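J.: After the sequence you'll find the predicted model.
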Amino acid sequence: DTGVSQNPRHKITKRGQNVTFRCDPISEHNRLYWYRQTLGQGPEFLTYFQNEAQLEKSRLLSDRFSAERPKGSFSTLEIQRTEQGDSAMYLCASSLETDDYGYTFGSGTRLTVV
Amino acid sequence: TQLLEQSPQFLSIQEGENLTVYCNSSSVFSSLQWYRQEPGEGPVLLVTVVTGGEVKKLKRLTFQFGDARKDSSLHITAAQPGDTGLYLCAIRGTYKYIFGTGTRLKVLA
């Protein structure tokens, strides 16, 4: 098992463009989380999946953001009509349903909107 | 209002020095975790503390959960440049973990 994998590692896009990020969790983990982290801050929760069901979304996740986990395995996070304020590190994490002892994070996708 | 306050925000010390960073809240938690994050990488779990007053050691790192389970500290003995990073505390909310603002530590050789 190679851990949680995120692609791409870096993305530079022009304002107004759409971007999509992918997360491949640890294979036996049925819980998957997306967080956003800006410089100098801790990660902020965006959304959570248990298997393919999206169970919670943060108010930070505006209408321009959508996340999917169609088969309960990998997940995608799409941002439409990107804005400069979307520039951040987008982190994916996974855990077991019975695991109350923390996440395994991916290395993140750093988005820069110019 | 930030649920978890970490202090100090920034810390720059010389190799070999000792340091303590803090994570505080006005709420009581069932458990608290500490993570370390290196630049360009995701956070890595260091430890989970669950019992008030609990002390856990991880090599030169000592973690303590407050008796009232509202605060925690991380003490590093004889810091090394490899300890450089962002130290985050986190508590479990409904379905998710909530992170503090972090302490950015730089250890100079």
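T.: Structure received. For clarity, every value in this text was computed on a predicted model and none was experimentally measured. Residues are numbered from 1 along each chain as shown, chains lettered A, B, ... in the order given.
J.: State the next helix or strand along the chain beyond the worst-scoring helix or strand of chain A on mean pLDDT.
T.: One helix or strand of chain A scores below all others by mean pLDDT, DSSP states H and E: strand A:53-57, with a mean of 90. Following strand A:53-57 in sequence order, the next helix or strand is strand A:65-68 (DSSP states H and E).
J.: Show me how far that following strand is from its chain's centre.
T.: Averaged C-alpha coordinates place strand A:65-68 at 9 Å from its chain's average position (CA atoms, centre = their mean, to the nearest Å).
J.: Does the helix or strand just after that strand reach chain B?
T.: With elements assigned by DSSP H and E, the helix or strand that comes after strand A:65-68 is strand A:75-79. No. Using CB under 8 Å from any CB of the partner chain, strand A:75-79 stays clear of chain B, coming no nearer than 14.6 Å. For the C-beta atoms, the positions are set from N, CA and C on the backbone; glycine is no exception.
J.: and the helix or strand just after strand A:75-79, what does it pack onto?
T.: Under the assignment DSSP H and E, the closest C-terminal helix or strand after strand A:75-79 is strand A:88-95. Of the remaining helices and strands, those touching strand A:88-95 by 3 or more CB pairs under 8 Å, 6 or more residues apart in numbering or on different chains; DSSP states H and E are strand A:5-7, strand A:19-24, strand A:31-37, strand A:75-79, strand A:104-105, strand A:109-113.
J.: same question for strand A:88-95, mean pLDDT?
T.: Here strand A:88-95 scores 95 as its mean pLDDT.
J.: for the one residue sitting closest to the centre of chain A, which residues make a bridge with it?
T.: Among the residues of chain A, A:W34 comes closest to the average C-alpha position under CA atoms, centre = their mean, at 3.3 Å. Counting by DSSP bridges, A:W34 is bridged to A:T47, A:C92.
J.: So which residues on chain B come close to chain A?
T.: B:4, B:6, B:9, B:31, B:33, B:35, B:40-45, B:48, B:88, B:90, B:92, B:94-102, B:104.
J.: Buried among those residues? Need that as a selection in ChimeraX.
T.: If you want just the buried ones from these in ChimeraX, going by 16 or more other CB atoms under 10 Å in any protein chain shown, the selection is:
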select /B:4,6,31,33,35,41,42,43,45,48,88,90,92,96,97,98,99,100,101,102,104
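J.: Among the residues of chain B next to chain A, name the ones in strands.
T.: B:6, B:33, B:35, B:44-45, B:48, B:88, B:90, B:92, B:97-99, B:104 (DSSP state E).
J.: Might you report the residue contacts of A:Q6?
T.: Applying CB atoms under 8 Å, 6 or more residues apart in numbering or on different chains, we find A:Q6 in contact with A:21-24, A:90-92, A:106-109.
J.: Check A:P8 too.
T.: Contacts of A:P8 (CB under 8 Å, 6+ apart): A:21, A:109.
J.: For the residue of chain B found nearest chain A, give me its contacts.
T.: Using CB to the nearest CB, the closest approach of chain B to chain A is made by B:G42 at 3.1 Å. Contacts for B:G42 (CB under 8 Å, 6+ apart) come out as A:4, A:91, A:93, A:105-108.
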